[in-house]
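**Student:** Predicted model and sequence follow; I will ask about them next.
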Amino acid sequence: MGRYVGAIDQGTTSTRFMVFDREGRVVARAQEEHAQIYPAPGHVEHDPQEIWRKTVQVMGQALEEGGLAPADLAAIGITNQRETTLIWDRRTGKPLHNALVWQDTRNDRLVAAFAREGGRDRFRAVTGLPLASYFSGLKLRWLLDHVEGARERAEAGEVLFGTIDSWLVWNLTGGPEGGRHLTDVTNASRTQLMALDRLAWDAGMLDAFGIPEAMLPEIVPSSGWLGETTTPFPGVPIAGILGDQQAALFGQTCFRPGEAKNTYGTGCFALMNTGTAPVPSKAGLVTTVGYKLDGQDPVYALEGSIAITGALVQWLRDNLGLIRESAEIERLAASVTDNGGVYFVPAFSGLYAPHWCESARGLIIGLTRYAHRGHIARACLEATAFQTHEVLEAMAADSGIPVTELRADGGMVVNDALMQFQSDILGVAVVRPKVSETTALGAAYAAGLATGTWKGLDDLVRNWSVERRWAPGMAQEERRRLRAGWDRAVRRSFDWADEV
C-alpha cells in the first residue's frame, strides 16, 4: 500500500490535487484555474468538461512534480464546491448544459413560488434547509424545465444528476464504461432533496420539486471504499468524499460538539459540530451533515454561509481597479487607522445566513469627503469579519454553546490584519493551523481513515497544531459601536431589488 494520500480539491475558481503524508504535511501539489461564465446578471456557470480536464491535468502534474508514482497513493479523497449542479448523458458522458454554480440565482422565481405556498421554511423540518436559490434541488428543477428534452430523458433513466463530486467520481471510475454514480451524505444534504434524519432521498421532496428519482446518485458515507480509478491512472481506491466546508471542518479536527471553524474563501462558511443529533435552527442558519464515517452514526453541524468575502477583494481589483493584486488589500487597508465611518455590505446576489434576503443588494454607506480608497479597502475586509460575527452569534443562539475559539482556514487567513480584526469584533481568539490547506486535508483524512493510513480520529487530532493565534484587543464599547454600525448598514441593503 502507498505511503501517501491524495486529495482532489475542486473549488469554485480552480482545481487542485494535493498529496499528504501521515503527519498531514503536503508533499506534492498542482493547481489550475477554470473559466467563470456569466451569461446574464445573476447567472454563474462552469464548463464541466473543462473541470474534468483540469482534474486529470493536476493529478498528473502533482505526481510528476513530487517525483511520485500512482503506486505511492494509498487512496484518494475528493472535496468539491457544493450545490453546483449539472446533468449529463449516461451513455455519452456529455453534459446537457453548463453547470449552475452555487452562486447562480436564476431559480429565484422558483424559490419565491414555493415560498408563497408555505413560507421559506416549509421544507426545513425534513431537509434542514430554508428555501433559497443556493441549494441544488431547485437548480436541478430549472435545468429540467429549461433544457430541451431533459425531463423526458431523465424520467427514462438516460440523464444523470450530480454535484461536482458525483461528476468526478463517475469519470474517474470509468464514465460511460461502468462509472459509479454516487454522492456522499454531506453533498446530498445540500440538495434539499435528502431527509436529514434518514440520510436518504425523500419521496415528498422529489414530488414537490418534480425530480425523477432515476437520475439521482446513490448516497454513501463520507469515508469508506467507494470505487477505484480507471483514469488518469488505474487502481487507486477512492475512499472519501466531503463537500468543501465539511472537509474543512474535518481537516480542522472539529470532532467534538461546540468546536467551530470558518473558511475564508470566495465566500465564508462557518460550521459548528453539534454531535450525532441535528439541531434545528431558529436563528437563520442551516442544519447539515458534518460527516459520516462508514459504519458509524452521522455527525451533524450548524452552518452559516456567506456568499461574498474574498470575492469582494476580487471585485475591488477587477471591477473598480482599486488594487492591482489581491494581496495589496492588506497594505491599503492598513493605511488608515479605522473605517472612517464607511461600511461595505457585499450583497451582490442577496444575503445568505443569517438573513436569507434574496432582494438585498450591495452598498457602500457612510461616505464623506473625508473617506478615501483606504477606508473602502478597510471596509471591504471588515465586511468579512462582521458577517462572520453575525453567523457565530446565530450559532450560539441555536446551540446554546458559545464559541470560545474560532479555527480559521482558507485563502484569506494569510491576511493578518483581517484575522486580528476578526478576533477583535468577535471578542474571542482566532487560530490558524500550521497546515492551512484544511479542505484538501479533510478529504485526504477521510480517505486515509478508510484505508488504514490513519487508525482513528485521535491520530488526526495529534496532527493538528496552531501556527498563529490572535487574541482580542478591542474595547467592548468600540466593539459594540462598530457592530451597531454594521447592523444599520445591513438593514439598509434589504429589499433593494424588485421582489421576485
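**Tutor:** Ah, there it is. Since the structure is predicted, the reported quantities are computational estimates derived from the model, not experimental observations.

**Student:** buried set for the helix or strand hosting V490?
**Tutor:** Under the criterion of DSSP states H and E, V490 resides in helix 476-493. For helix 476-493, the neighbour count (16 or more other Cβ atoms under 10 Å) marks R479, L482, G485, W486, A489, V490, S493 as buried. Using the backbone N, CA and C atoms, a C-beta is placed for each residue, glycine as well.

**Student:** buried set for stretch 56-73?
**Tutor:** For stretch 56-73, by 16+ other Cβ under 10 Å, it's V56, Q57, V58, M59, Q61, A62, L63, G66, L68, P70, D72, L73.

**Student:** can you tell me which of those residues are in helices?
**Tutor:** If you go by DSSP state H, those have V56, Q57, V58, M59, Q61, A62, L63, G66 in helices.

**Student:** Redo the residues you listed as JSON lines? Include distance to G175.
**Tutor:** Below are these laid out as JSON lines (distance: Cβ to Cβ, whole Å):
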{"residue": "V56", "distance to G175": "12"}
{"residue": "Q57", "distance to G175": "17"}
{"residue": "V58", "distance to G175": "18"}
{"residue": "M59", "distance to G175": "15"}
{"residue": "Q61", "distance to G175": "21"}
{"residue": "A62", "distance to G175": "22"}
{"residue": "L63", "distance to G175": "21"}
{"residue": "G66", "distance to G175": "26"}
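
**Student:** which one of the residues you listed is nearest E303?
**Tutor:** Using Cβ to Cβ, V58 comes nearest to E303 of these, at 27.7 Å.

**Student:** residues contacting that closest one?
**Tutor:** Counting by Cβ atoms under 8 Å, 6 or more residues apart in numbering, V58 touches T15, R16, F17, A30, Q31, E32.

**Student:** ok, and for stretch 294-301, which residues are buried?
**Tutor:** D294, P298, V299, Y300, A301.

**Student:** Please apply the same query to stretch 5-19.
**Tutor:** Neighbour counts over stretch 5-19 (16+ other Cβ under 10 Å) mark 5-13, 15-19 as buried.

**Student:** got it, and stretch 329-336?
**Tutor:** I329, E330, L332, A333, V336.

**Student:** tell me the angle the longest helix seen in the chain makes with helix 476-493.
**Tutor:** Longest helix in the chain, counting residues (DSSP H): helix 373-399. Angle between the axes of helix 373-399 and helix 476-493 is 90 degrees (criterion: axes from the mean of the first three to the mean of the last three Cα atoms, to 10 degrees).

**Student:** What helices and strands are in contact with helix 373-399?
**Tutor:** strand 260-264, strand 268-275, strand 299-306, helix 310-318, helix 328-333, strand 343-345, helix 416-426, helix 476-493 (3 or more Cβ pairs under 8 Å, 6 or more residues apart in numbering; DSSP states H and E).

**Student:** Tell me the first helix or strand C-terminal of that helix.
**Tutor:** Beyond helix 373-399 toward the C-terminal end (DSSP H and E), the next one is strand 405-409.

**Student:** Just the CA trace of that following strand, in CSV.
**Tutor:** Provided in CSV are the C-alpha atoms of strand 405-409 (Å, rounded to 0.1, in the frame of the first residue of the first chain):
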residue,chain,number,x,y,z
GLU,A,405,-12.3,29.8,19.9
LEU,A,406,-12.5,30.0,16.1
ARG,A,407,-10.4,27.9,13.9
ALA,A,408,-9.7,29.7,10.6
ASP,A,409,-8.6,28.4,7.2
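
**Student:** who's in contact with that strand?
**Tutor:** 248, 251-252, 254, 259-264, 270, 388, 392, 419, 422-423, 426, 428-433, 436-439.

**Student:** give me the low-pLDDT residue ranges for the protein?
**Tutor:** 1, 498-500 (pLDDT under 70).

**Student:** I'd like a version of the buried residues of stretch 329-336 in a markdown table, one that adds distance to G350 as further columns.
**Tutor:** Shown next, in a markdown table, are these (distance: Cβ to Cβ, whole Å):
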| residue | distance to G350 |
| --- | --- |
| I329 | 24 |
| E330 | 28 |
| L332 | 27 |
| A333 | 26 |
| V336 | 29 |
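
**Student:** between those, which is closest to V101?
**Tutor:** Ranked by distance to V101 (Cβ to Cβ), these are led by I329 at 23.7 Å.

**Student:** So the closest one sits against I376, correct?
**Tutor:** No - under the criterion of Cβ atoms under 8 Å, I329 is not in contact with I376, lying 10.2 Å apart.

**Student:** intersection of neighbour lists for those two?
**Tutor:** Joint contacts of I329 and I376 (Cβ under 8 Å, 6+ apart) are L316.

**Student:** Could you measure from the closest residue to D184 other than its chain neighbours over to F344?
**Tutor:** Nearest residue to D184, sequence neighbours excluded (Cβ to Cβ, 6 or more residues apart in numbering): I241, at 3.8 Å. In this view, I241 and F344 are 36 Å apart by Cβ to Cβ, to the nearest Å.

**Student:** Those two: which has the busier surroundings?
**Tutor:** I241 (32 against 26; other Cβ atoms under 10 Å).

**Student:** who does that one bridge with?
**Tutor:** I78 (DSSP bridges).

**Student:** So which bits of stretch 362-373 are buried?
**Tutor:** Applying 16+ other Cβ under 10 Å to stretch 362-373 flags G362, L363, I364, I365, G366, A371 as buried.

**Student:** So what's the gap between it and the chain middle?
**Tutor:** In terms of Cα atoms, centre = their mean, to the nearest Å, the centre of stretch 362-373 is set 31 Å apart from its chain centre.

**Student:** Now do the contacts for F386.
**Tutor:** By Cβ under 8 Å, 6+ apart, F386 lies in contact with Y343, I425, L482, R483, W486.

**Student:** Most widely separated two among those?
**Tutor:** Once Cβ to Cβ is applied, these give Y343 and I425 as the farthest pair, at 12.6 Å.

**Student:** Which residues are in contact with each of those two?
**Tutor:** Common neighbours of Y343 and I425 (Cβ under 8 Å, 6+ apart) are E382, F386.

**Student:** Of the two, give the one with the bigger neighbour count.
**Tutor:** Y343 (23 against 20).

**Student:** State the distance from the residue of the chain positioned farthest from its centre to T253.
**Tutor:** Centroid-distance maximum for the chain: R369 at 38.5 Å, with Cα atoms, centre = their mean. Noted for R369: a distance of 50 Å to T253, by Cβ to Cβ.

**Student:** again with M18
**Tutor:** Taking Cβ to Cβ, one finds M18 at 17 Å from T253.

**Student:** again, but for G210
**Tutor:** For G210, the distance to T253 - Cβ to Cβ - is 41 Å.
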